[in-house]
Structure formats: structure tokens, C-alpha cells
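# A predicted structure for the sequence below; I have some questions about it.
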Number of protein chains: 4
Amino acid sequence: MAIRAGIINVTGYAGAELLKILWHHPEVEVVSVTGRSAAGKQLPEVLPHLSRIDLPITETVEGSVDVAFSALPSGASAEALLPIVNGGAKAIDIAADFRMHDVAEYERAYKTVHPAPHLVEKAVYGLPEIHRQAISSTSLVANPGCYAEASILGLAPAVKEGIVADDIIVDAKSGISGAGRGGLSASTLDHFAEADENVVAYGLEGHGHQPEIAQELGELREASQARVTFIPHRIPMVRGIMATCYASLLDSSINREEVLELYRDFYAGEPFVRVTSQPPQTKHTSGTNNCLVHPTVDVKAGKLVVVSCMDNLINGAAGQAVQNMNLMFGLDETAALDLLALNP
Amino acid sequence: MAIRAGIINVTGYAGAELLKILWHHPEVEVVSVTGRSAAGKQLPEVLPHLSRIDLPITETVEGSVDVAFSALPSGASAEALLPIVNGGAKAIDIAADFRMHDVAEYERAYKTVHPAPHLVEKAVYGLPEIHRQAISSTSLVANPGCYAEASILGLAPAVKEGIVADDIIVDAKSGISGAGRGGLSASTLDHFAEADENVVAYGLEGHGHQPEIAQELGELREASQARVTFIPHRIPMVRGIMATCYASLLDSSINREEVLELYRDFYAGEPFVRVTSQPPQTKHTSGTNNCLVHPTVDVKAGKLVVVSCMDNLINGAAGQAVQNMNLMFGLDETAALDLLALNP
Amino acid sequence: MAIRAGIINVTGYAGAELLKILWHHPEVEVVSVTGRSAAGKQLPEVLPHLSRIDLPITETVEGSVDVAFSALPSGASAEALLPIVNGGAKAIDIAADFRMHDVAEYERAYKTVHPAPHLVEKAVYGLPEIHRQAISSTSLVANPGCYAEASILGLAPAVKEGIVADDIIVDAKSGISGAGRGGLSASTLDHFAEADENVVAYGLEGHGHQPEIAQELGELREASQARVTFIPHRIPMVRGIMATCYASLLDSSINREEVLELYRDFYAGEPFVRVTSQPPQTKHTSGTNNCLVHPTVDVKAGKLVVVSCMDNLINGAAGQAVQNMNLMFGLDETAALDLLALNP
Amino acid sequence: MAIRAGIINVTGYAGAELLKILWHHPEVEVVSVTGRSAAGKQLPEVLPHLSRIDLPITETVEGSVDVAFSALPSGASAEALLPIVNGGAKAIDIAADFRMHDVAEYERAYKTVHPAPHLVEKAVYGLPEIHRQAISSTSLVANPGCYAEASILGLAPAVKEGIVADDIIVDAKSGISGAGRGGLSASTLDHFAEADENVVAYGLEGHGHQPEIAQELGELREASQARVTFIPHRIPMVRGIMATCYASLLDSSINREEVLELYRDFYAGEPFVRVTSQPPQTKHTSGTNNCLVHPTVDVKAGKLVVVSCMDNLINGAAGQAVQNMNLMFGLDETAALDLLALNP
């Protein structure tokens, strides 16, 4: 019998992508989708590119579900998932509400009061490459932020093996869809005429994904703290995210091949992480759940440099959520995620 | 009487931009322009956007000139400038041939034999914010590389004042025009269908602008060496370059306002560098000779972060060359460069 | 003594472009600029790319002006120009309010009540290639719509000479800046993620520029009416507009060269219209006041095909307005408009 | 037992897309793929976005196949398919070699000598909406050109029902991928810096898809000839094609609703053509085999206007080829083509 799934806020970019993936999932039936301003309409009116899927958009999840995904903005998301969790269904939060173990840190980063702090310790950070076991046995998953995921996957092997110093720099570049369909309210920076032919650094006073990266890298490294400088940039493309990661090598004699080997060992058997010997391109991941990771060494400066990239809406959001769901239900981890890139 | 100028390789992006700027220069007459495959044609056939300028394209500079600019690729450029220099005219090289003081370093970086090593010590690195005096009194200027210029302008105040440690990271993003009109030979990476909706890191094994940055920052800092990790990225826009620079602060008590002040002092009076209190956008510089520099501090990590940007074809190439020419001839430094941005 | 100019709604794309052009005008001083939500701020806060121009943004034109330009939306524009006209200054309306001779037609097209119908017959349609004499002697100019201007310039020679039948089709393509900085309210179609990698036809139920084209072409052709089908498309670029015009040739023996000749004769001496023998590209006009017109013949089908293009914000708006101002004040028609294209 | 398929020239955009679709086809095994310069390499070296598919690229189809697809350029394609056809396998030509019934017309349009004229009458034009029966029983299919397909699907209902006059205008807009991976040889028009922020009309002296459109529309209309003016434009996006079609209505009393009804009837039951009541966007078809068709009426001018769009690499090439293969082998016509759009 099919798993009955609900999608909260299907009308955003992550929600729509999730619906698209689940639509082809052999074990899942999407039985309820919700929206905010779009509640009361049929899905094809709001998402014409999914016009084949004729579901009503409701205000809250209707009927009984085995799992609900929330693609609401942070803050609103935890609140909407509360009744799901209380009702005994599994829940996957694509927003940031359950990512930080430290509620105070979350509240600082997102400038909000946490609506369900008692659930935080129940939640597992949904990065299978690090927490596969825990994900498989929880009923509440916090799906990683896209920037955080690209950064952590780029750095985890080096940090876990202890080959780099504490100071880490992540310079990230994201397509505009990362800002969401609602866009950058109170600004015109998502306007095509402003965003095209432009690159802008932002979040220089602090970005919500920074503590997420620091938390996860910190856990990988005992008795020591990662100090992460994280600067995101918005670049004129729709999809795709790249994190270029820099850290000082503790042993300057380690060479490119050894680093490559170390990364290949770390990710051996992972279905979606591919360690590449050439610098990867975001376009090679477009429409897929893959993460490409390319580690190299700046020999003269004694630095590890890792380029990591993915499709921000799939591996950075909806695809990752489905992978987590697969794990939570004991399904084949790659079900519905055997996607080939849209290229060119 | 007007200064008689020649442009070698006018058909490339930098050469065409140079012609455009000089066309409106009150003191200059462009008397000769050269091309390679386009030699023998009239300019409007090859550059329809400059159809008003009806000059013949010749193989070599014809007639007598007071100054010649070369926009040829590195290697070919020095060779083409030799007769100009020998003939006693002033020369400005937009290519890399005279940028490095160390010929061996140049030859390693560009994998070529220097065609005029005896001229190297005569050349001045054409960055007025650092070498204005020397530029004014030389007859051979090496115009900076676009990446190098954005990086050096971003870091010079901090390095000169000695507030940062030796290890420096520059993560740079450039529009595709930086690859030149000839494009990325032996690849299809400049094809619209490949470059659009894509970001790619390159030069991870070493990029020619890295030693240029290291040389200039090294000279600013006595008795110590800058160790510069430089990683460029190609992003899907035509014009614009951004360098995001990272360095450890030696005194972690220095704050944002102090750094901003230090940068404002350093660039006080500079006609084209503007220190901004908000993160700058490349689009704000499009079509201008301006460089926008925004320094800030990652307090938690004790890092200086500087975002620096410009139009790669103007301040990063042709406009910078005209500024240098203005200095070499004792003209108003801003002549023909009072350009307002094309926006949006 | 300089002409004192005011710009109403300087914060929109056309208003900002106008300020940029007038800033370099040798005979004009911009003494007052207005905004709506931005009133009370200084210009550099709102338009950082024009940060050199430190004017206060006010609610209404302040001080005495010799000429005012309005870049307000249609409807609001006529209202704001009323006091200017009543005060005896010259007025140039970049909006649509004074373009139609028939007030009822205007009110149908723009679904509004005309705020100053008594001024309509005073106004001259500001297309110098057709109405140069009248523009020179009026004090109220209606600047053409960008689509209308590209279409009329593409078709005027053929219609005036009577070589085509009444039925005319104009298929137009515009960059997104045409939708204005405020964008496409009540929709997300100007969002980068929606507009990029997309093309959309719109206005299929009727577009405001259609009656404008029909009026002007109709006047060129006596005793007969142009029946114009006009379909605009939004394409993923910032600037540039192209009109591809189709009409049946009355005499099927007329050939390409004859049509080219006819067009060259019609536009002989025009400073900004260039008849090209090759299909033009919008990019060749970017940043200029030029209109490129390429007429050809589909011999088999007996059709005239004309491709016409320009920079929608310059020749399609601000540059055209300055050209009109130059004529109204008896200045050199090309003053401040000697612009070379930004390319690539 | 699986159908054994070969792909000739898998390295082009259409070939790679075809491989991607067939990879998920439940009844097909791709057993051989060929390339030209890439022969001898493994597929992941050349197409990193399909790195999961580890096939050797050979010079010619190896082993026995049940069907071969050719994605070679026109001319070379027929030659490469000859041994396939002679060997008794089914063949689908994505190039133009078998589209025209009149060999002389083909040779004029493509400026080449047909390498296999004797096969032309054997071939069926592969547009299922018109020739489904014939496709099902042939062994040689000529896959339609992307422009032709969008145009014919936009016009077929009106032409077949006889509601429009003979003179037809198609103004088409295509993304740059339509020019192919090899691009526009002998030009730089596919260079990102040239193609971005630009629109260009081309083929004004005649385009190969024009006679294809005329042939197919002509066959739909007895005793009368369609006179088709076809002007393609290249716009700055990767994928997507739109044809805006114009024709005079013979009975001016027919209204929008009636036309919509007529189109809905014509395409009733078609799995991939969707008649829309709103103007469609290319982006809604990206990554799918769908064609969206929106007919409307310009009442004042008595014109039918139809906007038709699709993904040029899927419904305009590879997807259409798979649909044809499904028909030729008696499979479910939609097998492997149940694709949802990549959006945004």
C-alpha cells in the first residue's frame, strides 16, 4: 500500500519540486497539498508546468497522511508541522526550524521565537552522508539548508580526518531561485532587470546557514571548534549552488592525489555524492540529486581548496527531503531520485 | 595638437572598448588600428556597433603615433610593441607581458618565452592608486590584469597598513567577456548553451594573475611575503568582475567602522575608487571606470572580508589603460573617463 | 545660460536613464528631480549607479524650470505635467497620455479617464523622423512608446510610399526593463527565476501601443486605413527591443535592392536611423540612441519583411525625449546623444 | 526482450538528450553510441552530465540493433543511416534528410546533394498528430525540424478546417541550443558574450524549415497552396522554441471561443499537445515532450493568431523521435515520455 504524503506550501519552488519528484515515486501517493494565498484553487491554476497533477490546494493538510513535508518559511514551518508530529505521522522540515540543536542560536540567526522548542532534540539533521543511521530511526527530520549542505559535503572528509586547521572559509554562489518564489521582499533584487548581468555578495553581517555549517563541522571534529567564515553571493542563473571552500592544511606535505583518495574513501558507496578529478560545473547537476565534490591543494600556500556543487532545489532541498523520506520508511534510498541532468 | 594614438588588435573586446573610449577623448586622435584576421577590412564591417568609426584595419600600426596600446594576447603583445618602444613612442600593454618583474615567473605563468625581457625593468605596473608617480614618468606601462586589479584594490589598504596576516584568499567571479572574443579555444565553454545557467571554477592548478597579485601585495608589505590563494570562477554574465578577499586580522579588536575608515583614508582623493558602506554590485559599475570596494569584518572568526568589483573591460582593461595614458601625458587623469553606469 | 530641466519620477528606469543623458548635456542643468516613495531621500541612496549625482528627490518639481520630463506611469503623468504646462514651461511626456489624438481611444486602451483632455490637441507626437517641424514649434511633446517607435520606424517608408497593402503584422520582442522598475505588479513574471530561460507572448487581447501604431501609420497613408496586428513578446534580456514587421507588397516585382534604396532615401540625413543591409542585432544599439532598420523581401510570398531594433530605454524612451527637447529648444538635435554602444 | 537501439552522433545536443530519455525507457536498451571526434572515448569523458552511463563511443553503430537514430547534421545523416536501412533495422532521422518529399527542394534548401534519394519516398514525416498511422507502419521516419513542428502544430487545425487564407506568417523564436553543440561555425554568434542580452533575426534569405512547413500545411489543404513566410529569431536562452503564427480568417465572424473549440477538438486525445486558454510560456515545457498551443483572434484585423511552444530538444527533437519509435514498435506512445517540466 502506498505511503500517503502531504506537502505543506506546495506553491513555493521547493514545494513544487517535491511534488514533481514524488509524482514519480513508486511507493508514494501525494494525497494533500497546501498553500497560503493559493488555498482554494486547483494546482494547475497556480503551477501550470504541473498541469497534469489536478489536486486541490487546501489551507491545511487534509485526510490522514503517513508523512508530511513542510516547505514553509522558517518559523511558520515548525508551527505547521506540530499537528503532524502530534498526530504520529513522520515529518520532514525543509525550512530551518529544527536544524540547530541550540534553540538560542536558532533564534538569534532567524530573529524569531521558536514555536516548538520541545521538538528540537527529537529532530535529526537530515544529511544521510553523516547521519544516515539516525535518520532511519527518527520521525522528525530537519532537511539541511542548501548552502550548508554544499559546504558540509565539501568539507566533511577533511574535517573528519583532521587534516585542516580550524579556520575555514566558504565562498558560495547561488542561483536566484534560492531566494524563493516569493522572492526578496522589500527589495527589487529579484527583478530580472536588476539580477541579470549582476553579482552581489550578501549576508555579510551574518547568514542563517553559517551556524548550521559550524554545528555540523564542529561535531565531526572532537575537542575543537570550526571557525567558519561564510559569504554567499547571488549570481544570474536560476538553479545551482556552488561552495568554494578554503582551509589551511595541517601537514603541508599532503598532495592532491592523497586528498582526492581521502575524499573518495569517505564517499565510497554514497549514491549521490561524486568526487570528481576535474572542477565540476553546477550545470552538470541541474535537475538531479547529485552533489559533485572536487578537492584540490594549493601547494604554494598550503591550502585545501574544495569546490562542491549541486542543484539547490533538488539535492539542496526537495530531492534531499525525498532521500530522507526513503530512509525513514526503509525504502530504497534512491527511489524516485534516479534523475539525469537537464543539459544544456 | 591632438595626441596621435594607435590601437593594436582593435577587434578584441578590450581593443574595441579602448577605441570607444578614445573616440570621445578631447585630446586624442586614433590614427591607426590593427587586426589580425580582420586586417584589410574597414572597422564597421568587423565591429558593427562602432559603425560610425570608419577606419581601415591594418596589419601593423601605420603612420607616426605618440602612443600605442596593445590588446593582443600575452606573448604576441610584447613583440608587437617592440617597434613602438624602439621608435620612441609611449606604449601601454593591456596583455600580461610586462607585469611581472621576474621574467622567469612570467614564463612559468604564461608557459612562453618572453620576447623582450630587456624591457621588463623599464615597465611600470599601471595601477595609479599605487604607482601614480612612476606611471607619470615612464614610457612603458603594463596594464594590470582584471582579476589582479580587483584583488589588489580590495586588499592594498589592509596589507599596506599591516592589519592582516600573510595568508590571503581571493575568490573571484568574472563575466564571460573576460575570456576574450576569441573565447576559450579548444573548448566549448564560451558557447551560450554551455555558459548560461552555469558557474565553473577554473585555474585551480594555477592562474596567471596569482603571481601578479602576490608581487604587488608583497611590495606593499616589507620584510614579509603575501601567500595568496586565488581561485577564479566564470559566471553567466557578460561584463563585471568581483573579488571577494579574505584575510585574518592580526588584531581581532579592530571593528568594521575602523576598517571602513582605514579604507576611506587610503583611497581619499582617488577619482575612480569608491569605498562603500553597503555590499557593492558589479552592475553598478557596468560601463564605467569605477572600482567599488566594501571592507567588512567577520567578528566571530576574526577575518577581514573585502568585496571589490568593477567592469572588467573598462577599469579592468581599456579604461585603466586610458587613465594610465592620461597620466603619462600629463593630462587630466579622468579625461574621457567620466562615465555613468549603464543600468539596468 | 543653461536650460533648467526637471525630471518627474527619476527613480524609474526611463527617468534614471534620462538623468544620465542630461548629466552630460552641454546646455542643460537638471535642477529638480522627483520621486514617489523615494521623495525625501538623496538620489545616491536610491540610484547607487548614479551616486555621483547628489540631488534631493522631492515630491514635485521645485524651483522654476524651462522644461520638465515626466516618466510617471500613464494617467498620473498628464496630471503631474498640468502645472508645468500651465506655468508656461515646455513639457515632454514619456508616458502615453498625449500620444493618441482620440481621447476615447486612449481611454479604452489604458482603461482610465484622461486627466487633461483639453491638452491633447496641443500635443505633438514626438517622432522627429515624421514630425520634426511640429516638434520644433510645440511646447508639449508626447514621446512615443518603445514598441510603437520601433514599429513605425520599421514601416513608415513602405506605408508612406504606398508599396504595401493595408494589413500589417508586427511581432515584437522586448527585454524585461520595458516592464519598468516597478515591474509587473500582481504577478511574478518579472522575477528572475520566472523570466530567465523563458519567452512569453502577452497583450493578445490588445496592447496600448497598437492604436498608437495604427494612428501614425494611418496618417502616412491617405484615404486608407492601416489594419495593424501587434503582438509583443517578453524575452530574457534586460534592454533592447525588436519589431519584425510583415506586410503584403502591392507590386510583387519590387525586389530587395529597390526596397533597401527606398528606405535609404526615406531616412537620408536622419542622425539616428541607420538602414542596414544585414539583419541587425539589438546588442548593436545597446546604450545608444540609434534605430537600426533592415528591410527585405520574401519573394516567394510577396511580402515585405522589416526588422527594426533599438535600445528601448534610450531611443525608445529617454534618448528620444532628449532629441525632442533639443528640437524644441533649437539646439543641435544630437546634443548629448553621440553615444557609442556598450558591447559586448 | 528489450529493443536494441543505436544512437548515431550521441555527442550533439539532440543525441545526448535522446540517450537520456532512452536510458529510462522500460523497453529499450541502448547498445551502441557513435561520435565523430569523440570516437574512442568513453561517454562520461565527453558528457559528464551523463557520467552514470558508461558506454564506449564508437565510429559506427556496433553490433546488431533493432533501431538506429541519427543526430548527425543533414547530409551526413542519410549516409550514416543507409547501412542501417539496408540491414533491415528501423531508422529515425533527426536531421532533415528525409523530410522533404521533393528531393530537388531539399537540395536547394540545404545546398547539398542528397546521398540517398531512393529512400525519400519510403520515409514518413514523423509528426504523429498528422501521420500517426503511417508512422506506425514504416521503418524510416523523418523527425520534424523543431521550428517546423512548432509551426505546423500551431497551424494545422486552422489549415485543415479551412478557416484561414493561404498567406501565413510564422515569426519564431528559439533558444541558442537550437544551433547545436558545434554551434554556428564561422561565426561567433554562439559566444555567450555575443548571444546574451541580444536578439537577432536570421534566415531572412530563406531557412530550411520553411519548405517543410509549406509541404505539410499544403497537404492538409486540398487544391490550394499555403504561402508561408517564416522568420526565425535567436533569443538569449538555452532551450525552448516559440512560433507565433498569423493568418487571415476567411470568415471574420468566427470568435475566440470557436477557434479554441476547433483546436481542442482537433487535438482531443493527443497525449502531448495541450490547447491552452492562456498564452503559454516556453518555460512550462522545459524538459518535457509537451507542445502548448494557444489560438486567439485579433478581431479588429480579422486575423487568427496562434502561439505554439515546446522544448526544442525534446518535443522538437529527441522526445519526438522516441514517440515515433514507440509508434513504430507498437509500444505505448508515451513510454519514457511522461516528463514533468523543470521549473523554474
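That came in fine, so what should we check first?

# can you pull out the helices in chain A?
If DSSP state H is used as the criterion, the helices of chain A fall at A:13-23, A:43-46, A:76-86, A:103-110, A:128-136, A:146-161, A:192-195, A:209-220, A:256-266, A:319-328.

# same for the fourth one, what does it pack against?
So that's helix A:103-110. helix A:209-220 (3 or more CB pairs under 8 Å, 6 or more residues apart in numbering or on different chains; DSSP states H and E). All C-beta atoms are positioned from the backbone trio N, CA, C, and that covers glycine.

# mind listing what's buried along the helix it packs on?
Within helix A:209-220, the residues that count as buried by 16 or more other CB atoms under 10 Å in any protein chain shown are A:His209, A:Gln210, A:Pro211, A:Glu212, A:Ile213, A:Ala214, A:Gln215, A:Glu216, A:Leu217, A:Gly218, A:Leu220.

# any part of the longest strand belonging to chain A near chain B?
Using DSSP state E to define each element, chain A has its longest strand at strand A:164-174. Yes. Residues of strand A:164-174 contacting chain B under CB under 8 Å from any CB of the partner chain: A:Asp167, A:Ile169, A:Asp171, A:Lys173.

# centre of the chain to that strand, how far?
17 Å (CA atoms, centre = their mean, to the nearest Å).

# how far away is A:Pro128 from B:Ala71?
A:Pro128 sits 52 Å away from B:Ala71, going by CB to CB, to the nearest Å.

# neighbour count: the two, which is higher?
Set side by side, A:Pro128 and B:Ala71 show more neighbours around B:Ala71, with 29 against 21, by other CB atoms under 10 Å in any protein chain shown.

# who's in contact with that one?
Neighbour list for B:Ala71: B:7-10, B:12, B:14-15, B:18, B:77, B:94-95, B:317-318 [criterion: CB atoms under 8 Å, 6 or more residues apart in numbering or on different chains].

# isn't A:Arg264 up against A:Arg274?
No. With contact defined as CB atoms under 8 Å, A:Arg264 and A:Arg274 do not form a contacting pair (9.7 Å).

# between these two, which one's more packed in?
Between A:Arg264 and A:Arg274, counted using other CB under 10 Å, A:Arg274 has the larger neighbour count: 19 against 15.

# distance check, that one against A:Cys291.
Distance from A:Arg274 to A:Cys291, by CB to CB: 7 Å.

# next one: the residue nearest to A:Leu340 when sequence neighbours are not counted from chain B, what distance?
Distances taken as CB to CB, 6 or more residues apart in numbering or on different chains put D:Lys20 closest to A:Leu340, at 4.7 Å, once the chain neighbours are dropped. Distance, D:Lys20 to chain B, by CB to the nearest CB, to the nearest Å: 15 Å.

# and D:Lys20, what pLDDT?
Note on D:Lys20: pLDDT of 98.

# what number of residues lie near it?
Other residues lying near D:Lys20 total 23 when counted by other CB under 10 Å.

# picking up where we left off before, can you state the direction angle for the longest strand of chain A and helix A:146-161?
160 degrees (axes from the mean of the first three to the mean of the last three CA atoms, to 10 degrees).

# returning to that earlier point: turn the helices of chain A into TSV, columns for distance to C:Lys111.
Shown next, in TSV, are the helices of chain A (distance: least, CB to CB, whole Å):
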stretch	distance to C:Lys111
helix A:13-23	33
helix A:43-46	24
helix A:76-86	37
helix A:103-110	43
helix A:128-136	55
helix A:146-161	43
helix A:192-195	25
helix A:209-220	46
helix A:256-266	62
helix A:319-328	45
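
# ranking the ones you listed by burial, who's on top?
Of the helices of chain A, the one with the most neighbours on average (mean count of other CB atoms under 10 Å in any protein chain shown) is helix A:192-195, at a mean of 28.

# okay, now the unreliable bits of chain A?
Applying pLDDT under 70 to chain A flags the ranges A:183-188, A:223.

# if we go to 80?
Scanning chain A for pLDDT under 80 picks out A:182-189, A:222-225.

# what does it have sitting close to chain C?
Proximity of chain A to chain C, by CB under 8 Å from any CB, involves residues A:13, A:175-177, A:179, A:181, A:183, A:188, A:190-193, A:195-197, A:236-238.

# give me that answer again for 7 Å
Within chain A, the residues that sit near chain C (CB under 7 Å from any CB of the partner chain) are A:176-177, A:181, A:183, A:188, A:190-193, A:195-197, A:238.

# quick one: which of the residues you listed is most hemmed in?
Most neighbours among the residues of chain A next to chain C, by other CB under 10 Å: A:Ala195, with 33 neighbours.

# now for the nearest residue to it once chain neighbours are set aside: which residues touch it?
Of all residues not flanking A:Ala195 in the chain, C:Phe192 sits nearest, at 4.1 Å (CB to CB, 6+ apart). Neighbour list for C:Phe192: A:Ile176, A:Asp190, A:Phe192, A:Ala195, A:Asp196 [criterion: CB atoms under 7 Å, 6 or more residues apart in numbering or on different chains].
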